[in-house]
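Undergrad: Please find the sequence and the predicted model below.
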Amino acid sequence: MSVLTAAVALPFLKPPPPIDIGVPIQVFGMIVAAGVLIGAALLRRYAEWHGVTDEQIRGLTGWITVAGFIGAHEFDVIAYQWDRISEPWDIWPVSHWPLPIRFWDGISSYGGFIGGAVGFAIYVWWKRLPVRLFADIAIVGLLPAFSIGRIGCTVVSDHIGAAVDTTKWYAALAMDYPRSLNMAHLAEHYPGTSEYIRAWNLGLIEFLYLVPVNAFLLWLAFRPKKRPNAGLIAVAAGLLYSPVRFFLDFLRPEETDPRHLGLTFAQWASILAFGVAAYVAARILKGGAPAEVVAPTSGDAQRRIKMVLKEQAEAEEKQKASATPASQNKSPSKPDADDDHPSEAEDKAASADATEGDEGVDDLGPAPGAPKARPPSGGAGNRGPGAGKNKRKR
């Protein structure tokens, strides 16, 4: 079958080479990391709006991220790279490690979902947290991160689909792949003499679909009025994503996505995800309620947090200043006159005490309960370092 190329088509994106710093760092991995950071920021903003503590946010993010990356690779090995499991390995270099622990060597999106769900379940059960609210918090961060990761799939042409009829209107969304590269065995499936084969870049198609899905779900999550029942955002993400992934996988070649009982691993996972999401959505709509928030909008919550942090910083500064000894606050250029010369009142008091002691006038003694007068130690001009402290206590 010969496939002709047309004038309007997306140009082929040559996958950029990895960055070698002892361990090969793929550009795809860097894009995924950027998605994780952006998703974590959205997750934190939504969580703080609902009064979730910083410790819980960090714990949830850490468990989902670590478990998600582990699950993404391990399920990729099981579902897509099982024939490589027996490859020879060595301790050095790291590129020769056993495939199951080479976490940078292949990941599966649904494997990441499953791994992240396991990490989520363990953390929520461990900390006894509200499942529905924290499911929404997780998906608010996870879905944008995953969608940005699909940009990486597009750049490296990680998911090449079937050839496209160039006479169709949707052919402009396909990409011209050089026949000589035989990417995803395109040349074997579509023999001919043309220089390029126009085929689907499924990572791009999925990303374009996820853009409006993200916009809708984030609007639903952050709108201040008519907030959805807790948990509805998470199940809505499953209901919206699983069907498109199910049908797109029919365009994937068997060389890259082997079939298990006629369907790919992702298709079986999509069926399961859609069924579970539909069941949970019915229960949430029937007996759910919106989660409580700490402010009318997420913006108000952020302003309150900034104000509290500012007040705490000011209080700490005042506490540090009050704890500083008085002798350190004095200016060296202007010494305190009381430290060098006794005051006039102190002179009169000393004279009166001396007179009374000589003439015996003070026969009644001090008033009941009054403190006894301390004898001077070295004169009024040498008051010692404790004088300033006693003055402050009074």
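TA: Alright, I've got the coordinates.
Undergrad: and the helix or strand Glu55 falls within, which residues are buried?
TA: Taking DSSP states H and E as the definition, Glu55 sits inside helix 54-80. Using 16 or more other CB atoms under 10 Å as the test for burial, helix 54-80 gives 56-57, 59-61, 63-65, 67-77, 79-80. From N, CA and C alone the C-beta is placed, and that goes for glycine too.
Undergrad: so how far is stretch 281-292 off the chain centroid?
TA: Centroid displacement of stretch 281-292 relative to its chain, using CA atoms, centre = their mean, to the nearest Å, is 26 Å.
Undergrad: same question for it, mean pLDDT?
TA: Stretch 281-292 carries an average pLDDT of 93.
Undergrad: who touches that stretch?
TA: 50-51, 130, 132-133, 136, 227-232, 235-236, 239 (CB atoms under 8 Å, 6 or more residues apart in numbering).
Undergrad: tell me the two of those that are most distant?
TA: Gly51 and Leu239 (27.5 Å; CB to CB).
Undergrad: Run a quick neighbour tally on Ala237.
TA: The tally of other residues near Ala237 (other CB atoms under 10 Å) stands at 24.
Undergrad: Ok, the one 5 residues further on next?
TA: When counting by other CB under 10 Å, one arrives at 23 neighbours for Ser242.
Undergrad: Go ahead and confirm it touches Phe274.
TA: Yes: Ser242 is within contact range of Phe274, at 4.2 Å (criterion: CB atoms under 8 Å).
Undergrad: Can you give the contact residues for the helix or strand that comes right after the helix holding Glu55?
TA: Once the chain leaves helix 54-80, the next helix or strand it forms, by DSSP H and E, is helix 109-127. Helix 109-127 is contacted from outside by 56, 59-60, 63-76, 78-79, 129, 131, 134-135, 138, 142, 146, 149, 245, 265-266, 269-270, 273, using CB under 8 Å, 6+ apart.
Undergrad: quick one on the thing from earlier: who are the neighbours of the helix holding Glu55, in terms of helices and strands?
TA: The contact analysis (3 or more CB pairs under 8 Å, 6 or more residues apart in numbering; DSSP states H and E) places helix 54-80 against helix 27-49, helix 109-127, helix 131-155, helix 265-287.
Undergrad: TSV for those helices, including distance to Leu10?
TA: Shown next, in TSV, are the helices and strands packed on helix 54-80 (distance: least, CB to CB, whole Å):
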stretch	distance to Leu10
helix 27-49	18
helix 109-127	22
helix 131-155	10
helix 265-287	23
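Undergrad: deepest of these, which one?
TA: Neighbour counts (mean count of other CB atoms under 10 Å) averaged over each of the helices and strands packed on helix 54-80 peak at helix 131-155, with a mean of 23.
Undergrad: what packs against that one?
TA: Using 3+ CB pairs under 8 Å, 6+ apart: helix 131-155 touches helix 27-49, helix 54-80, helix 109-127, helix 202-222, helix 232-248.
Undergrad: May I see those helices organised as CSV, with distance to Gly161 and mean pLDDT added?
TA: What follows is those, written out as CSV (distance: least, CB to CB, whole Å; pLDDT from 0 to 100):
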stretch, distance to Gly161, mean pLDDT
helix 27-49, 18, 91
helix 54-80, 16, 90
helix 109-127, 15, 93
helix 202-222, 5, 96
helix 232-248, 7, 96
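Undergrad: Export those as a markdown table, with columns for distance to Ile91.
TA: Output for the helices and strands packed on helix 131-155, formatted as a markdown table (distance: least, CB to CB, whole Å):
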| stretch | distance to Ile91 |
| --- | --- |
| helix 27-49 | 23 |
| helix 54-80 | 19 |
| helix 109-127 | 26 |
| helix 202-222 | 34 |
| helix 232-248 | 38 |
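Undergrad: Many thanks, I have nothing further to ask.
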